[in-house]
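Visitor: 3D model of this:
(one chain, ligands or ions: 1)
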Amino acid sequence: MDNVIKLLKAHRSIREYLNRPVSQKLLESLIEAGQCAATSSFIQACTVIQVSNQETRQKLCEYSAGQVYVANAPVFLVFCVDMNRHRLSCDMHDAPMLSGYTEQFLTAALDCALFAQNVLVGAEAMGLGGCYIGAIRNHIAEVDKLLGLPELVCPVFGLCLGYPAQNPEIKPRLPLSVVFKQESYDDSSDAALIRDYDQTIREYYRTRSGSNKDDSWSVRISSMLAKEARPHMLPYLKSKGYLLK
Ligand SMILES: Cc1cc2nc3c(=O)[nH]c(=O)nc-3n(C[C@H](O)[C@H](O)[C@H](O)COP(=O)(O)O)c2cc1C
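Guide: Below is the predicted model:
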């Protein structure tokens, strides 16, 4: 198998790190690799903020449900949708900027995801491991304030990086035919396939070192979706100039 495909299929989130620094030169090269991701209409609407200050890291950890790796990973990055520089560009040409479109937020968020995944895959290729942190959105307004973000700049997720101090098993994904359809959407076999997959995941949790979970994928999803999903996000994004139309 091609080495890149092998690397991609070997991904696991890494949440424990060696006490070994990541060189800033390597990190800069990874961020440059992130910048090389495709970007909708060449918009380049992602900004990455590296947070090294320990007090700030501690606060980010508290805002992210106390996930300790947010405070202690060798590197912590915050990925932000950013259309601030687009406003500057419009100003440079005395051109009005029509902002506030849901489409613009979606475009910028896609840019962030593609940028970040290049960073993570690049990091994994260099022997590092990482874990995304969506939990920074638990207290997004506080994170925003802590990082001094202007209008049109919003944190969407964090990323911990470092040399792995753990070797977790690869988490099995859904069967291919559930996520890869031909010509049109046919979900007639999905329920049965999900039931089989539940068994695989139950087994994964049962055998995974240090885990005593006995739930399946669909159980986890159904309990997650029984809860509200960060309802503060809409008013926050509106207050930053997004999702207004
Ligand atoms: C946008 C995003 C946000 C995530 N947020 C968190 C998080 O806050 N904490 C955490 O431990 N893992 C987080 N994860 C990691 C997922 O839990 C993980 O990718 C998923 O369970 C699959 O496991 P794997 O990455 O080991 O294959 C996040 C992943 C993504 C893509």
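Visitor: so what does the nearest residue to A38 once chain neighbours are set aside look like in phi/psi?
Guide: Excluding the flanking residues, the one nearest A38 by Cβ to Cβ, 6 or more residues apart in numbering is L114, at 6.1 Å. Where C-beta positions appear, they are placed from N, C-alpha and C, glycine not excepted. Note on L114: backbone dihedrals following degrees, to the nearest 10 are phi -70, psi -40.
Visitor: L114: neighbouring residues, count only.
Guide: As a burial measure, L114 scores 17 neighbours (other Cβ atoms under 10 Å).
Visitor: against I140, how distant is it?
Guide: The gap separating L114 from I140 is 21 Å, by Cβ to Cβ, to the nearest Å.
Visitor: repeat for L27
Guide: In terms of Cβ to Cβ, L27 sits 24 Å off from I140.
Visitor: again with Q24
Guide: Q24 sits at a distance of 28 Å from I140 (criterion: Cβ to Cβ).
Visitor: out of these two, which sits in the more crowded spot?
Guide: I140 (20 against 11).
Visitor: OK, contacts around that one?
Guide: I140 makes contacts with 154-155, 230, 232-233, 236, as judged by Cβ atoms under 8 Å, 6 or more residues apart in numbering.
Visitor: what of Q58?
Guide: Residues counted as contacts of Q58 (Cβ under 8 Å, 6+ apart) are A71.
Visitor: which element follows the helix or strand hosting it toward the C-terminus?
Guide: Following DSSP states H and E, one finds Q58 within helix 54-63. Once the chain leaves helix 54-63, the next helix or strand it forms, by DSSP H and E, is helix 68-72.
Visitor: the helix or strand just after that next one to helix 54-63, inter-axis angle?
Guide: Going down the chain from helix 68-72, the next helix or strand is strand 75-82, by DSSP H and E. Interaxial angle of strand 75-82 relative to helix 54-63 (axes from the mean of the first three to the mean of the last three Cα atoms, to 10 degrees): 70 degrees.
Visitor: in its sheet, what does strand 75-82 sit against?
Guide: When sheet partners are counted by DSSP bridges, strand 75-82 sits next to strand 46-50 (antiparallel), strand 153-162 (antiparallel).
Visitor: I'd say L114 and Q35 touch.
Guide: No - using Cβ atoms under 8 Å, L114 makes no contact with Q35, being 10.3 Å away.
Visitor: skipping adjacent residues, who's closest to whichever residue of the chain sits closest to the ligand in space?
Guide: Proximity of the chain to the ligand (Cβ to the nearest ligand atom) peaks at G134, 3.0 Å away. What sits nearest to G134 in space, not counting adjacent residues and going by Cβ to Cβ, 6+ apart, is F157, at 4.9 Å.
Visitor: for the one you found, give its distance to R208.
Guide: Distance, F157 to R208, by Cβ to Cβ: 24 Å.
Visitor: more neighbours: the two, which one.
Guide: Using other Cβ under 10 Å as the criterion, F157 and R208 rank with F157 on top: 18 against 13.
Visitor: residues contacting that one?
Guide: Shown in contact with F157 (Cβ under 8 Å, 6+ apart): 78-79, 112, 116, 132-134, 136-137.
Visitor: what helix or strand is the residue lying closest to D190 once chain neighbours are set aside on?
Guide: With Cβ to Cβ, 6+ apart as the criterion, D190 has its nearest non-adjacent residue at 5.4 Å, and that residue is V178. Element membership for V178 (DSSP H and E) is helix 176-179.
Visitor: could you chop this protein up by domain?
Guide: As assigned by automatic domain parsing, the chain contains the domains 3-168, 170-227.
Visitor: much appreciated, bye for now.
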